[in-house]
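Participant: with the input below, show me the fold.
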Amino acid sequence: MPSTNVKPLSESTREKLKQAIGQLETFLNAHALPQLAAEDQSDEAELFYKGLLSDLRHLLVFSEVGMEKLGVALRRPTFDIEFAERALYEVYHQSVNAFFYPKNECYSEDGRYAYTGQDAIRFRSKPVRPARDIVLGVSKIFEELRDDLAYYENDYMTQRRMQGQK
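Facilitator: Numbering: from 1, shown residues only. The predicted structure follows:
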């Protein structure tokens, strides 16, 4: 990636992460397992919401770490392109992947819906409205991040290996 694009990409990525973090923190601070599972008292519902909350907490932490690293890169007197590229790589491989491939698989992306204008996120169980809204709300941000950072999926590490770095 041309070095002239790294700083603006770092700035926009940091802002998008900041938006996602705000939404995730608000949701996680306002909702607890008993509250979410109140409508459906089954064991399956409780497991679903435990998994969802766990995945959202992981996503929040990965996003906060990525935002902090990008903030460090942007605050330095001289912009360190290599440090910023590594931070962008980590955002892609931790935050974006944590969203699209959640450990507990409470939701998944169905690519067939991506081109229809419908939400591409499909839930394993029907969630309550606030849980559905948070996942669909941050999905737009993480879709943009995935598109913006697609270079860091493979090319960044290939370039580093060719240069003899890890």
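
Participant: list the contacts for residue 134?
Facilitator: Applying C-beta atoms under 8 Å, 6 or more residues apart in numbering, we find residue 134 in contact with 23, 24, 27, 56. C-betas here are computed from N, CA, C, even on glycine.

Participant: apply 7 Å and report the result again.
Facilitator: 23, 24, 27 (C-beta atoms under 7 Å, 6 or more residues apart in numbering).

Participant: next up, phi/psi of the closest residue to residue 48 other than its chain neighbours, please.
Facilitator: By the measure of C-beta to C-beta, 6 or more residues apart in numbering, the closest residue to residue 48 outside its immediate chain neighbours is residue 125, 4.6 Å from it. Main-chain dihedrals, residue 125, degrees, to the nearest 10: phi -130, psi 160.

Participant: residues in contact with residue 131?
Facilitator: Neighbours of residue 131 in contact, by C-beta under 7 Å, 6+ apart: 36, 52.

Participant: one more time with 8 Å
Facilitator: 31, 36, 49, 52.

Participant: C-terminal to the helix or strand residue 8 falls within, what's the next element?
Facilitator: Per DSSP states H and E, residue 8 falls inside helix 3-30. For helix 3-30, the succeeding helix or strand toward the C-terminus, using DSSP H and E, is helix 33-36.

Participant: what's that next one in contact with?
Facilitator: Contacts of helix 33-36 (C-beta under 8 Å, 6+ apart): 46, 49, 50, 52, 53, 127, 128, 130, 131.

Participant: excluding chain neighbours, give the residue nearest to the first one in space.
Facilitator: Once its chain neighbours are removed from consideration, residue 46 has its nearest residue in residue 37; the separation is 4.9 Å (C-beta to C-beta, 6+ apart).

Participant: for that neighbour, phi and psi?
Facilitator: Dihedral angles (degrees, to the nearest 10) for residue 37: phi -90, psi 10.

Participant: likewise residue 108?
Facilitator: phi -150, psi 170.

Participant: who are the packing partners of the helix holding residue 8?
Facilitator: Packing partners of helix 3-30 (3 or more C-beta pairs under 8 Å, 6 or more residues apart in numbering; DSSP states H and E): helix 43-75, helix 81-90, helix 129-148.
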